[in-house]
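# show me how the following folds:
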Amino acid sequence: MAVDLNMPILIVDDYKTMLRIVRNLLKQLGFDNVDEATDGSEALTKLRGRNYGLVISDWNMEPMTGFQLLKEVRSDAKLGETPFIMVTAESKTENVITAKKAGVNNYIVKPFNAATLKTKMSSVIGEF
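So this is what the prediction gives:
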């Protein structure tokens, strides 16, 4: 099944510049239907109001971290299957293991480019 380039994607980061960078990378890859949230609780509200095909969330945010958001999404019956990619500046092995145990689909370490994003997204949602 082909990936729908028009599927809604939610990007979550408390840093506006990072939201812009990820949005631009997604645009380069052909995805224009992108929503933004600046923290985990705002993201949860958006997730409960719309069916997203993918969440790309930063790990380090206040007051609700990307990891807490992931746990909330995975424990919610309606959202539990939503593909989730975690973005972080730290490549600590224990973070990757913790995120995997919590149900993250993939993991991206900053900085990254469109090719890396495409590879990670393809492994989660399929080739596009």
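# ok, the spatially most central residue of the chain - contacts?
In the chain, the centroid-proximal residue (Cα atoms, centre = their mean) is I56; its distance is 1.2 Å. By Cβ atoms under 8 Å, 6 or more residues apart in numbering, I56 lies in contact with I9, L10, I11, V12, V22, I85, V87, I108. For every residue, glycine as well, the C-beta is placed using N, CA and C.
# tell me the spacing between the third one and I85.
For I11, the distance to I85 under the criterion Cβ to Cβ, to the nearest Å works out to 10 Å.
# likewise for the fifth one?
Counting by Cβ to Cβ, the separation of V22 from I85 is 10 Å.
# equivalent analysis for the second one, please.
Noted for L10: a distance of 11 Å to I85, by Cβ to Cβ.
# same question, the fourth one
Computed with Cβ to Cβ, the distance linking V12 and I85 is 10 Å.
# anything in contact with each of the two?
Joint contacts of V12 and I85 (Cβ under 8 Å, 6+ apart) are V55, I56, S57.
# alpha carbons only: can I get the stretch of helix or strand the last one belongs to in PDB?
In this structure, S57 is located in strand 54-58 according to DSSP states H and E. What follows is strand 54-58, C-alpha atoms only, in PDB (Å, rounded to 0.1, in the frame of the first residue of the first chain):
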ATOM      1  CA  LEU A  54       2.500  10.000  12.200                       C
ATOM      2  CA  VAL A  55       3.800  11.900  15.300                       C
ATOM      3  CA  ILE A  56       7.400  13.300  15.200                       C
ATOM      4  CA  SER A  57       8.200  14.500  18.700                       C
ATOM      5  CA  ASP A  58      11.200  16.000  20.500                       C
END
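# in its sheet, what does that strand sit against?
strand 9-12 (parallel), strand 84-88 (parallel) (DSSP bridges).
# could you give the mean pLDDT of it?
Strand 54-58 comes out with an average pLDDT of 98.
# chain center to that strand: distance?
With Cα atoms, centre = their mean, to the nearest Å as the basis, strand 54-58 stands 1 Å off its chain's centre.
# helix or strand right after that strand?
Next along the chain after strand 54-58, taking DSSP H and E as the criterion, comes helix 66-75.
# and stretch 111-121, what's its mean pLDDT?
97.
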